[in-house]
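Enquirer: all I have is the shape, not the residue letters:
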């Protein structure tokens, strides 16, 4: 059985940050999958489901409407472990290429006011599972503690020894 590449990452030493999880060829295009890691795995509490769901709605809306990057966004969605999100983008990209985009995205979520897009029963499969105040708090924390202070340790996966 093949080992899944993400299982080769040392989650004990993994920090919050932006990481290239994988790159896939789809026809003539490269699709880069980013690990947008908001929590240190197994060392701090995971994101609340309502907060993560709200971050998903707001970040996906922001990214797909971004004037520069919008046409390169393939997918934004939460990790099953509740420690971050996956971002799939068209292009052969590196983590450093999207730092500014992630700063814009999480600033948008942290400062968002109003009705969260796509949260009616008609539009969302679990419309009651949203938490805007915690989504804003978690996004501001990630923005100020990680995205605005990026180092190589937050951009490149630690490998298992």
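Expert: That came through fine. Remember, predicted model here, so these are calculated numbers, not experimental data.
Enquirer: where is the longest helix in this structure?
Expert: Longest helix in the chain, counting residues (DSSP state H): helix 49-64.
Enquirer: which stretches in this structure count as strands?
Expert: Taking DSSP state E as the test, the strands found in the chain are 17-26, 29-37, 73-78, 84-90.
Enquirer: residue ranges with poor pLDDT in the chain?
Expert: Low-confidence segments of the chain (pLDDT under 70): 2-6, 160-161.
Enquirer: which strands and helices lie in contact with the longest helix of the chain?
Expert: When contacts are defined as 3 or more C-beta pairs under 8 Å, 6 or more residues apart in numbering; DSSP states H and E, helix 49-64 sits against strand 73-78, strand 84-90, helix 99-111, helix 132-145. All C-beta atoms are positioned from the backbone trio N, CA, C, and that covers glycine.
Enquirer: so for residue 48, which of those sits nearest?
Expert: helix 132-145 (5.5 Å; C-beta to C-beta).
Enquirer: now do the buried residues in that closest one.
Expert: Buried residues in helix 132-145, counted by 16 or more other C-beta atoms under 10 Å: 132, 134-136, 138-139, 142-143.
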